[in-house]
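Participant: Quick one: sequence and predicted model below, then my questions.
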Amino acid sequence: MDSAKIYNSYDIIGDIAVIKVPNDDIESAKKAAETIMKLYPSKVKAVFMQTSAVQGDFRVRQLKFLAGENRTFTVYKEHGCLFKVDIERCYLSPRLLFEHQRISSLVTQGEVVVNMFSGVGCFSILIAKASGSKVYSIDVNPTAYECMQENVRLNCVFDCVVPLLGDSKEIIHSQLQGVANRVLMPLPELALEYLPYALMALKPFGGWIHYFDFQHAAKGEDPVEKTRQKVVVCLDALGVSYSFGCSRVIRSIGPCWYQTVLDICVSGLPSKFL
């Protein structure tokens, strides 16, 4: 496996590298692990192979140990913040680095934010650090919630970030109706289903929703426009007044598959959301 192929098929999270190898070829994986350990002798302390997609309610993936220290806990650093994470039991993608910064830069002081799928708290803590805004940070995964609590301590954002364990549907319905200027939905698999609850969390005059999706787009098709059309059908059916701000492809995730994000400005909510 040449260096170009290795570079495109792995992520470094803290001091752990996670590689993807076609057909889970263990011999190629071991060679790649050796190469990565040599390339980053002081940075990478362990290498794992990802053997399944990110899946399930807890957004976890199966890993196979290849080299170095056999542990899955690490501390990931991004934009001056520290994030403790168990890469086998929690979701964190360094490929969202730009998106973390982009959205945190949009939040202004005094806003209230609801992060419906917060994981270990990357978006939530970066927003708190950038603006001092209050962030209700929800996740259903107990391990991610425990890491998030630790990360709130590590980054000294006790007064801003409120970790909440549970299904964001239930928490918004019972605790957070009408509180938010801005809602984050960084879980593409559930975004469309949970969109009515994002609207429910917004203040009566509306606000912003950051909607993430996975979208298939054949040659000549625009994945962002396909995502927008799907959301338009839902919002129109709900009777919501809205417009779109920044809408972009975050990254390619496979042949003809893309991760997209829509910034949705909601300017009017029907009475059923109030």
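Facilitator: Sure, I can see it. Nothing here was measured: the structure is a model prediction, and the numbers come from that model.
Participant: Next, residue 56: phi, psi?
Facilitator: Dihedral angles of residue 56 (phi, psi; degrees, to the nearest 10) stand at phi 80, psi 170.
Participant: and what of the one 10 residues further on?
Facilitator: Taking degrees, to the nearest 10, you get phi -120, psi -40 for the backbone angles of residue 66.
Participant: for this structure, longest strand please?
Facilitator: When every strand of the chain is counted residue by residue (DSSP state E), the longest turns out to be strand 241-254.
Participant: buried sites along it?
Facilitator: The neighbour-count check on strand 241-254 (16 or more other CB atoms under 10 Å) flags 242, 247, 250 as buried. Heads up, the C-betas are built off the backbone N, CA and C, glycines and all.
Participant: would you list the residues you listed in a markdown table and tack on distance to residue 118 and pLDDT?
Facilitator: As requested, the buried residues of strand 241-254 are exported to a markdown table (distance: CB to CB, whole Å; pLDDT from 0 to 100):
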| residue | distance to residue 118 | pLDDT |
| --- | --- | --- |
| 242 | 24 | 97 |
| 247 | 22 | 96 |
| 250 | 17 | 97 |
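Participant: how many neighbours does residue 177 have?
Facilitator: 15 (other CB atoms under 10 Å).
Participant: Repeat that for residue 24.
Facilitator: Using other CB under 10 Å, residue 24 is surrounded by 13 other residues.
Participant: wait, doesn't it sit right on residue 51?
Facilitator: Yes. Using CB atoms under 8 Å, residue 24 is in contact with residue 51, at 5.6 Å.
Participant: so who does the closest residue in space to residue 55 that isn't next to it in sequence touch?
Facilitator: The spatial neighbour of residue 55 that comes closest, neighbours along the chain excluded (CB to CB, 6 or more residues apart in numbering), is residue 61 at 7.1 Å. Residues in contact with residue 61, defined by CB atoms under 8 Å, 6 or more residues apart in numbering, are 50, 51, 52, 53, 54, 55, 88.
Participant: Just the buried ones from these?
Facilitator: Using 16+ other CB under 10 Å as the burial test, the contacts of residue 61 include 50, 88 as buried.
Participant: any idea how far the residue nearest the centre of the chain is from residue 51?
Facilitator: Nearest residue to the geometric centre of the chain (CA atoms, centre = their mean): residue 186, 4.5 Å. Distance of residue 186 to residue 51, given as CB to CB, to the nearest Å: 24 Å.
Participant: got it, and residue 213?
Facilitator: Going from residue 213 to residue 51 by CB to CB gives 25 Å.
Participant: What lies in contact with the strand or helix carrying residue 130?
Facilitator: Using DSSP states H and E, residue 130 maps to helix 122-131. Defining contact as CB under 8 Å, 6+ apart, one finds that helix 122-131 is touched by 78-81, 83, 92, 96, 100-101, 103-105, 107-109, 111, 113, 115, 118, 133, 135, 137, 148, 151-152, 155, 157, 160-161, 184, 186.
Participant: make it 7 Å
Facilitator: Residues outside helix 122-131 that contact it (CB atoms under 7 Å, 6 or more residues apart in numbering): 78-79, 81, 83, 92, 100, 103-105, 107-109, 111, 113, 115, 118, 133, 135, 137, 151-152, 155, 157, 160-161, 184, 186.
Participant: got it, and stretch 242-257?
Facilitator: 95, 99, 214, 216-218, 223-224, 228, 235, 258-267.
Participant: How about stretch 179-190?
Facilitator: 103, 107, 111-117, 123, 191, 194, 198, 201-203, 207-214, 259.
Participant: again, 8 Å this time
Facilitator: By CB under 8 Å, 6+ apart, the surrounding residues in contact with stretch 179-190 are 59, 96, 103, 106-107, 111-119, 123, 136, 191, 194-195, 198, 201-203, 207-214, 259.
Participant: and the residues you listed, which of them are in strands?
Facilitator: 112-115, 136, 207-214, 259.
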